[in-house]
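1. Here is a sequence together with a model predicted from it:
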Amino acid sequence: MTVQDVRAFNRFYTGVIGALDHGRHLYAPYTLTESRVLYELAQVPYLDAADLRTLLGLDAGYLSRILNRFEEAGLIERGPSESDPRRRRVRLTARGREAAGLLDERARETVGAMLATVAPADRPRLAEAMRTIRDLLGEGRARSGEVELREPLPGDLGWIVQRNAALYAAEFGWNAGYEGLVARIVADFAEDHDPHLERVWIAEEGGRPVGCVMCVRDDAPGTARLRLLLVEPGARGRGIGDRLVRAVIDFARGAGYRDLVLWTNDVLHGARRIYQRHGFTLTTEKPHRSFGKDLIGQDWRLDLRGPGS
């Protein structure tokens, strides 16, 4: 493969999706970047502006101008972040969600028309080719500094067990019972998993792991389960947790799951805020005694058939 091969493919694909004339292509008064901002905001109840900038890899001034236009048009509202008053939280208004919904509907129609030209027998090949491009070029590569999301290498699954045990013991005083739980989850994945339906992501910075998450099949039909989200303390506050959760959501949707669920505990405030930002809703709570502590377990759920699915 040469540089010219890649450039030729880029020219072809931007023509196929109408990227050079995005507004006219979708009959909408928004640029491709503006549409992407609306899309990301529509996936969650709200996002901090800094996290949105990291997620999309945008210049701060450029994003600020887009948000100013959206606010003047009544599409968004901004206020202080609940987690850090120095940061600005952004959420879509009812008008903004209506605009995002219309864009999503038109995008679905456009992609549906494109897929209609592909023979049903060829669609699995097309889907696999798209997944291959995303995997090889690093879908989440370096969007927050030098952090890359990648598949696990030999030894990484053991790292997941070790770091979960060490961090939760240090931060919450959990005993070896938690390490045993994590070890069983990781062993089950290592011994038997379907790579088309289950996956592990490692967040790497400077050649070392700084975070992880898993997506595995749940017992309920059509349901995936998010497990073992972790970000090292020194890497927190930079959107890595959001990127890991977004990777799971995108993968689960692409794999055809209808729902994404997870179990956590009420003391994990940072993780719960990430889940809320990505649209998960709390379904049940139940007190329990585990890992040497009295805790309140929580079940959260995300409907993957919502906007953008």
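-> Structure received. Numbers count the residues shown, from 1 in each chain.

2. all contacts plus neighbour counts: C-alpha atoms, from now on.
-> OK.

3. Can you read off the pLDDT for residue 144?
-> As predicted, residue 144 sits at a pLDDT of 43.

4. From residue 75, how far off is residue 40?
-> 13 Å (Cα to Cα, to the nearest Å).

5. Of these two, give the one with the bigger neighbour count.
-> Neighbour count, other Cα atoms under 10 Å: between residue 40 and residue 75, residue 75 has more, with 21 against 17.

6. Excluding chain neighbours, give the residue nearest to the more buried one in space.
-> Using Cα to Cα, 6 or more residues apart in numbering and skipping residues adjacent in sequence, the residue nearest residue 75 is residue 96, 3.9 Å away.

7. Same question for residue 40.
-> Nearest one to residue 40, counting by Cα to Cα, 6+ apart, is residue 52 at 7.8 Å.

8. give me the element that neighbour is part of.
-> Here residue 52 sits within helix 49-56, counting by DSSP states H and E.

9. and that helix, which residues are buried?
-> 49, 50, 51, 52, 53, 54, 55 (16 or more other Cα atoms under 10 Å).

10. Look at the residue nearest to residue 75 and give its secondary structure.
-> For residue 96, the secondary structure call by DSSP: H, G, I helix; E, B strand; the rest coil comes out as helix.

11. pLDDT score for it?
-> On the pLDDT scale, residue 96 gets 92.

12. What segments of the stretch 201-309 of the chain are strands?
-> Ranges of strands in the stretch 201-309 of the chain, per DSSP state E, counting those that start in this stretch, are 208-217, 223-231, 259-265, 281-290, 293-303.

13. what does the stretch 51-200 of the chain give?
-> 76-80, 88-92, 148-150, 199-205.

14. Which strands and helices lie in contact with the shortest one?
-> Where contact means 3 or more Cα pairs under 8 Å, 6 or more residues apart in numbering; DSSP states H and E, strand 148-150 is packed against strand 199-205.

15. Determine the set of other helices and strands touching the strand it packs on.
-> Short answer (3+ Cα pairs under 8 Å, 6+ apart): strand 199-205 packs on strand 148-150, strand 208-217, helix 240-254.

16. Could you spell out the sheet neighbours of the first one, each with its direction?
-> Yep, that's strand 148-150 we're talking about. Strand 148-150 has its sheet partners listed here by DSSP bridges as strand 199-205 (antiparallel).

17. chain center to the partner strand: distance?
-> Relative to the centre of its chain, strand 199-205 is centred 13 Å away, using Cα atoms, centre = their mean, to the nearest Å.

18. which intervals of the stretch 51-200 of the chain have sub-threshold pLDDT?
-> Along the stretch 51-200 of the chain, segments meeting pLDDT under 70 span 82-84, 135, 138-145.

19. follow-up on the earlier one: now render the buried residues of helix 49-56 as JSON lines, adding distance to residue 291.
-> Formatted as JSON lines, the buried residues of helix 49-56 follow (distance: Cα to Cα, whole Å):
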{"residue": "49", "distance to residue 291": "37"}
{"residue": "50", "distance to residue 291": "35"}
{"residue": "51", "distance to residue 291": "33"}
{"residue": "52", "distance to residue 291": "35"}
{"residue": "53", "distance to residue 291": "38"}
{"residue": "54", "distance to residue 291": "35"}
{"residue": "55", "distance to residue 291": "34"}
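
20. and of these, the nearest to residue 101?
-> Checking the buried residues of helix 49-56 against residue 101 with Cα to Cα, the nearest one is residue 52 at 18.9 Å.

21. which residues touch the residue nearest to residue 75?
-> Counting by Cα atoms under 8 Å, 6 or more residues apart in numbering, residue 96 touches 38, 74, 75, 76.

22. Can you verify my assumption that the second one contacts residue 99?
-> It stands for residue 74. No - contact criterion Cα atoms under 8 Å: residue 74 and residue 99 do not qualify, at 10.6 Å.

23. Between the two, which is the more surrounded one?
-> Neighbours per residue (other Cα under 10 Å) separate residue 74 from residue 99, with residue 99 holding more: 19 against 14.
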